[in-house]
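Peer 1: Predicted structure and sequence below. I'll ask about it afterward.
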Amino acid sequence: MKRKEICIIFLSLLLSISISLKILSNQTKDTQRMKVWVFFKDKGYDSKEKMVSYFKNNPSYVTERSKERRKNKNLSEYRYLDLPVNNKYITILEGKGYKVERISKWLNAVSVYVESKDVEIISQLPFVKSVSPVSVMRKKKDFIVKDVVKSKSIKSAKGDDIYYYGDYSYNQISMLNINSLHNKGYTGKDVLIALFDTGVLMLKDSSMVVDSSSTPFETTFIYTCKPIHKALKDVKIVTSYDFIENKDFAGIVYGGSPDEVNQLSHGTKMLGLMASYYSGELISPAFGASYIIAKTEMADSEMISEEDNWIRACEWADSLGADIISSSVGYKDWYPYSVMTGDSTNISKVANIASDSFGILVVNAIGNIKNVGIDRADTSIIAPADAYSVLTVGGVDDSMVYSQYSVTGPTYDVYIDSTIKRYKPEVVALAEWPYTVSDSSNSFNYILGTSGATALVSAGCALILQAHPNWTPEKVKESLTKTAKRAFLTLIPDTTYFSEYPNQIVGYGVPDFYEAVMYDDTTEVFQITSSQLLSPYPNPYSLKTGYLKIPFEIKRKISNLMLYIYTLDGKLIYYDSKENILPGVYLEGFLWNGIPNTSGSSVKGYIGSTGNKVSPGVYIVILQTGFEKSTKKITIIP
């Protein structure tokens, strides 16, 4: 038998023994309750015909955006994993008094609370495959916040950047070469990021009911979510869900009490690192992306996480069509280092499914060292950071030196078999004091930990997927690892690189997102050199047809974009405007039907009968951004 096969068998036995011991360790009292996974043997669809029939009769099993993402990655539109758990099995369990807490169609399992004596009883049910504990992570808060201090090392922005990042946020942007992508017009536009964290300090507008027809129930788009911080006021949050309390909003619901602010703080800071836009203070990598917020962690005196919430949120994110999952969550209490093998834990299995089967890029923090100088960094990795398909992020300081607070590899499978070549983390980013939003609506501060580095990398990946929407998670990881910059072992007394690259401390190094975008298939990459009008069409435009389309391309975010149409003798006949336009090419930017309208403009113009179309002739079209002015001519015919 080959060595690798022996290792796999050994690890499987070790995992089984470990989980069994965990269950038995809770048997000090017959009445002690625990949460367990109950895995089923099948889903009740014993033929391909039945499976096809289900999807035909239930077209909203996921959203159209989810189907489109799968199509873009050359993946099947539906598969066995999409089938629901057999409801008959759930009914039987609940009939025996076991309340189902969470359902996972990917694992074909449910989580339930049971007494220790019930584990064997449930295991003997004919449709039950196995029973194992739900992993719970209880830890003291390992992220630290500090206020802005002038003594912090800063780097000033370059004069040729089109955005003014401000001295305090420029370093975390330039370290990843995000500014070069911003200069080319990339902001994460059309990319959907799922943030798994503690929720966000945001308010809801209950009058905005967008869609309530999709299934499962969490896919309902109910509330327009508005973060309270001024740097996040323009962020597009599509929807959110509280997986801890099973509520359809993951923001402020109890009036913003101190306890609620404390709960939502960490997630707000992560969103701030990803999506902020406040010129001169904080501009984050993916301020043009869209977001969905999953509340999967409870923050109190300690952080309490249960893996079934994360797993359910993962399936939710897929159903909504998320392109990226950004997660600083990890689980270790139930799982010893010996099962950090890439695919042994339930949460790592699900993370691999999200990536390999459904094309979602999962980005996860490797974890933080609680007691620097005491705890071992190389045996503290958390699941799902160990997963094969996850992009795992570690930390450096603002000089690109390995951060002593960052957990390192190797995973256990590599530890026992040095012939296995995989590295955790794969990449590193700023973990020691990246600049982000505070809990108030107007101030900013710094945060410590690999969760911040993860947020920055996740947001950078949105720019890659904007440029290459067809790239698979594996392709994105390849582009990052092949183009990463080396991190430093130390700067004192001399600048020193790590002797081997890649390694289990900083992986392949610090991502260079500009080079990653340019890594391959550069024919797909647009580079906007200026904000300007493109050629209107049809031109000539007939007054008897529908609309004249006036396309444009935008290089930078524009607060107020203005369109003017003049006669050759300088009389304004038409005015229109758009607010908060992100960089990109807009082929149907403005539509005009030939009817004069100058309302909203401060320029005096056309005075005539409302509803009459303009006369045939040549007209001047002007696009004004506040930075540039662009002009085109159009010809109007009868």
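Peer 2: Cool, got the structure.
Peer 1: Which stretches in the stretch 451-600 of the chain count as strands?
Peer 2: Ranges of strands within the stretch 451-600 of the chain are 488-490, 496-497, 532-533, 541-542, 548-554, 558-567, 572-581, 584-592, based on DSSP state E, counting those that start in this stretch.
Peer 1: how distant is the third one from the center of its chain?
Peer 2: Yep, that's strand 532-533 we're talking about. Its chain's C-alpha centre and that of strand 532-533 lie 32 Å apart, by C-alpha atoms, centre = their mean, to the nearest Å.
Peer 1: just the fifth one next, same as before
Peer 2: The chain centre lies 30 Å from the centre of strand 548-554; the measure is C-alpha atoms, centre = their mean.
Peer 1: ok, and for that strand, which residues are buried?
Peer 2: For strand 548-554, the neighbour count (16 or more other C-beta atoms under 10 Å) marks 548-554 as buried. Placement of C-beta: from N, CA and C, glycine included.
Peer 1: and the angle from that strand to strand 584-592?
Peer 2: Angle, strand 548-554 to strand 584-592, by axes from the mean of the first three to the mean of the last three C-alpha atoms, to 10 degrees: 150 degrees.
Peer 1: Contacts for strand 548-554 next, please.
Peer 2: Contact with strand 548-554 is made by 185, 528, 531-539, 541, 561, 563, 581-594, 621, 623, 625, 630, 634, as judged by C-beta atoms under 8 Å, 6 or more residues apart in numbering.
Peer 1: Same question for the third one.
Peer 2: Contact with strand 532-533 is made by 550-553, 621, 623, 628, 630-632, as judged by C-beta under 8 Å, 6+ apart.
Peer 1: Point out the least confident member of those residues, please.
Peer 2: Here the lowest pLDDT out of the contacts of strand 532-533 sits on residue 628, with 85.
Peer 1: so who does it touch?
Peer 2: Applying C-beta under 8 Å, 6+ apart to residue 628 gives the contacts 530-532.
Peer 1: which element is residue 359 on?
Peer 2: Assigned by DSSP states H and E, residue 359 belongs to no helix or strand.
Peer 1: That one - nearest residue in space that isn't next to it in sequence?
Peer 2: residue 73 (3.5 Å; C-beta to C-beta, 6 or more residues apart in numbering).
Peer 1: Ramachandran angles for the one you found?
Peer 2: The phi/psi pair for residue 73 (degrees, to the nearest 10) reads phi -90, psi 10.
Peer 1: State the distance from the residue nearest the centre of the chain to residue 73.
Peer 2: Central residue of the chain (C-alpha atoms, centre = their mean): residue 193, 3.0 Å from the mean position. For residue 193, the distance to residue 73 (C-beta to C-beta, to the nearest Å) stands at 16 Å.
Peer 1: Could you do residue 498 as well?
Peer 2: 34 Å.
Peer 1: try residue 67
Peer 2: On the measure of C-beta to C-beta, residue 67 and residue 73 end up 11 Å apart.
Peer 1: Then residue 633?
Peer 2: 43 Å.
Peer 1: try residue 106
Peer 2: In terms of C-beta to C-beta, residue 106 sits 17 Å off from residue 73.
Peer 1: what's the answer for residue 390, then?
Peer 2: Remark: distance between residue 390 and residue 73 (C-beta to C-beta) = 17 Å.
Peer 1: Okay, helices next: where are they in the stretch 201-350 of the chain?
Peer 2: 258-275, 307-320, 346-356 (DSSP state H, counting those that start in this stretch).
Peer 1: next structured bit after the least confident helix or strand in the chain by mean pLDDT?
Peer 2: Least confident helix or strand of the chain, by mean pLDDT, DSSP states H and E, is helix 3-25 with a mean of 44. Sequence order places strand 33-40 as the next helix or strand after helix 3-25, per DSSP H and E.
Peer 1: contacts for that following strand?
Peer 2: The set of residues external to strand 33-40 that reach it, using C-beta under 8 Å, 6+ apart, is 23, 26, 85-86, 89, 93, 101, 107-116, 119, 122, 127-134, 136, 306, 308, 346.
Peer 1: from those residues, which ones fall inside strands?
Peer 2: Judged by DSSP state E, strands contain the following of these: 101, 109-115, 128-133, 136, 306.
Peer 1: By neighbour count, sort out the buried ones in the residues you listed.
Peer 2: So, by 16+ other C-beta under 10 Å, the buried ones in the ones in strands among the contacts of strand 33-40 are 101, 109-112, 114-115, 128, 131-133, 136, 306.
Peer 1: Adding pLDDT and distance to residue 252, write the residues you listed out as a markdown table.
Peer 2: Shown next, in a markdown table, are these (pLDDT from 0 to 100; distance: C-beta to C-beta, whole Å):
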| residue | pLDDT | distance to residue 252 |
| --- | --- | --- |
| 101 | 93 | 25 |
| 109 | 97 | 33 |
| 110 | 97 | 31 |
| 111 | 95 | 28 |
| 112 | 96 | 31 |
| 114 | 94 | 35 |
| 115 | 93 | 37 |
| 128 | 97 | 41 |
| 131 | 96 | 38 |
| 132 | 92 | 36 |
| 133 | 89 | 33 |
| 136 | 77 | 26 |
| 306 | 82 | 23 |
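Peer 1: Among these, which pair sits farthest apart?
Peer 2: Greatest spatial distance in those: 128 and 136, 21.8 Å, computed using C-beta to C-beta.
Peer 1: So which residues of the stretch 401-550 of the chain form helices?
Peer 2: Under DSSP H, counting those that start in this stretch, the stretch 401-550 of the chain gives helices at 412-416, 450-467, 473-483, 513-517.
Peer 1: Can you tell me which of these is nearest to residue 356?
Peer 2: Across those, closest to residue 356 is helix 473-483 (C-beta to C-beta), at 7.9 Å.
Peer 1: Just the C-alpha atoms of that closest one, please, in CSV.
Peer 2: These are the backbone C-alpha positions of helix 473-483, laid out as CSV (Å, rounded to 0.1, in the frame of the first residue of the first chain):
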residue,chain,number,x,y,z
PRO,A,473,-11.3,30.2,-7.7
GLU,A,474,-8.3,28.1,-8.6
LYS,A,475,-7.4,30.5,-11.4
VAL,A,476,-7.7,33.5,-9.1
LYS,A,477,-5.4,31.7,-6.5
GLU,A,478,-2.9,30.9,-9.3
SER,A,479,-2.8,34.5,-10.5
LEU,A,480,-2.1,35.7,-6.9
THR,A,481,0.5,33.2,-6.0
LYS,A,482,2.4,33.5,-9.3
THR,A,483,2.7,37.3,-9.0
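Peer 1: tell me what it is packed against?
Peer 2: When contacts are defined as 3 or more C-beta pairs under 8 Å, 6 or more residues apart in numbering; DSSP states H and E, helix 473-483 sits against helix 346-356, strand 361-365, strand 391-396, helix 450-467, helix 513-517.
Peer 1: Swap in 6 Å and give it another go.
Peer 2: Packing contacts for helix 473-483, counted by 3 or more C-beta pairs under 6 Å, 6 or more residues apart in numbering; DSSP states H and E, involve helix 513-517.
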